[in-house]
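Engineer: coords please:
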Amino acid sequence: MILRRLAKGLAGAVGSLVALLVLAVILTARPGDRALYPPKAAAQVIYVVSHGWHSGVALPTAALTGPGAGPALRDIAVRFRAYPTLEFGWGEARFYAATPTLAQFDWRLALDALFTPGGSDGVIQVVGLDADPRISFPRADILAVPVSAAGLERLVARLEASFARVDGHPVDVGPGLYGPSLFYRGAGRFSWTNVCNHWTAGLVNAAGLPVAPVIATLPGGLILDLEWRSGATAVP
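Structural biologist: Numbering: from 1, shown residues only. Presented below is the predicted three-dimensional model:
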């Protein structure tokens, strides 16, 4: 009798949690823009890259000097001009720099990054890729996302706004985690309500794709949501 009551109470609690999660997903979901996505004409392909604990977006270096770009991205395009594609990822300054892979994951740094009152400083890692993203990241989950010219412009403008600037220039704060890469000071604050995967979701949402920030809290959720609702294609 007692076990039955406990099981019933547990089932009720689980049901309530699931209902709250579904409600949170619905309330925080951001619609796509059908004027931008899916593209109606020849499209530029960008890539959403999941490294297991962190996600980023890879796009042609040439896009950083086109519509939507500003002084930060133009400076970066010059600095990384030897690479045809660049990957961008945003995160908390201390945790990001200390966590190149899951093997280096530190719960204390993670909790501090997530729950510091007022949020923590953000950084953007820029990585130069001299090959296709699948070759550069053989173990990553990668989606190919076709975006319209107008969608790419809006994505680039949002990316530009992610960089802090001093005298109009992005601020280099040191070497990145892998390959030819640098960290730059980011705009905005990192917290549990604004993690790296939310940032990635914000970029593709600017290009017209629908996103669900609650699901996108983890990179796996972001990838599944983009495949399911947007038709983004996994790169084999």
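
Engineer: need the nearest residue in space to the spatially most central residue of the chain, chain neighbours excluded.
Structural biologist: The geometric centre of the chain, computed from its C-alpha atoms, lies nearest to residue 200 (CA atoms, centre = their mean), at 2.0 Å. Nearest non-adjacent residue to residue 200, counting by CB to CB, 6 or more residues apart in numbering: residue 55, 4.5 Å away. C-beta: built from backbone N, CA, C; applies to glycine.

Engineer: got it, and residue 188?
Structural biologist: The spatial neighbour of residue 188 that comes closest, neighbours along the chain excluded (CB to CB, 6+ apart), is residue 122 at 5.4 Å.

Engineer: contacts only, for residue 90.
Structural biologist: Listed by CB atoms under 8 Å, 6 or more residues apart in numbering, the contact set of residue 90 reads 56, 122, 123, 124, 125, 162, 186, 190, 196, 199, 200.

Engineer: try 10 Å this time
Structural biologist: Residue 90 makes contact with 54-57, 96, 122-125, 159, 162-163, 184, 186-188, 190, 194-200, 202-203 under the criterion CB atoms under 10 Å, 6 or more residues apart in numbering.

Engineer: what segments of the chain are strands?
Structural biologist: Using DSSP state E, the strands of the chain run over residues 44-50, 55-60, 85-92, 120-129, 141-147, 165-166, 169-170, 172-175, 181-190, 233-234.

Engineer: I'd like to know which of the ones you listed is closest to residue 33.
Structural biologist: Counting by CB to CB, residue 33 lies closest to strand 141-147 out of the strands of the chain; the figure is 11.0 Å.

Engineer: convert the C-alpha atoms of the closest one to CSV, please.
Structural biologist: The C-alpha trace of strand 141-147 is given here as CSV (Å, rounded to 0.1, in the frame of the first residue of the first chain):
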residue,chain,number,x,y,z
ASP,A,141,27.8,16.2,-35.2
ILE,A,142,27.5,18.6,-38.1
LEU,A,143,24.4,20.0,-39.9
ALA,A,144,24.5,21.7,-43.3
VAL,A,145,22.0,24.6,-43.3
PRO,A,146,21.1,26.4,-46.6
VAL,A,147,20.4,30.1,-45.9
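
Engineer: low-confidence ranges in the protein?
Structural biologist: Applying pLDDT under 70 to the chain flags the ranges 1-29, 95, 97-119.

Engineer: I'd say residue 54 and residue 48 touch.
Structural biologist: No - if you go by CB atoms under 10 Å, residue 54 and residue 48 don't touch, sitting 11.9 Å apart.

Engineer: overlap in contacts of these two?
Structural biologist: Common neighbours of residue 54 and residue 48, counting by CB under 10 Å, 6+ apart, are 140, 197, 200, 219.

Engineer: now for the residues you listed: which two are most distant?
Structural biologist: It's 140 and 197 that sit farthest apart of those, by CB to CB, at 13.7 Å.

Engineer: and these two? which has more neighbours close in?
Structural biologist: Using other CB atoms under 10 Å as the criterion, residue 140 and residue 197 rank with residue 197 on top: 28 against 21.

Engineer: contact partners for that one?
Structural biologist: Per CB under 10 Å, 6+ apart, neighbours of residue 197: 48, 50, 53-56, 89-91, 211, 213, 215-223.
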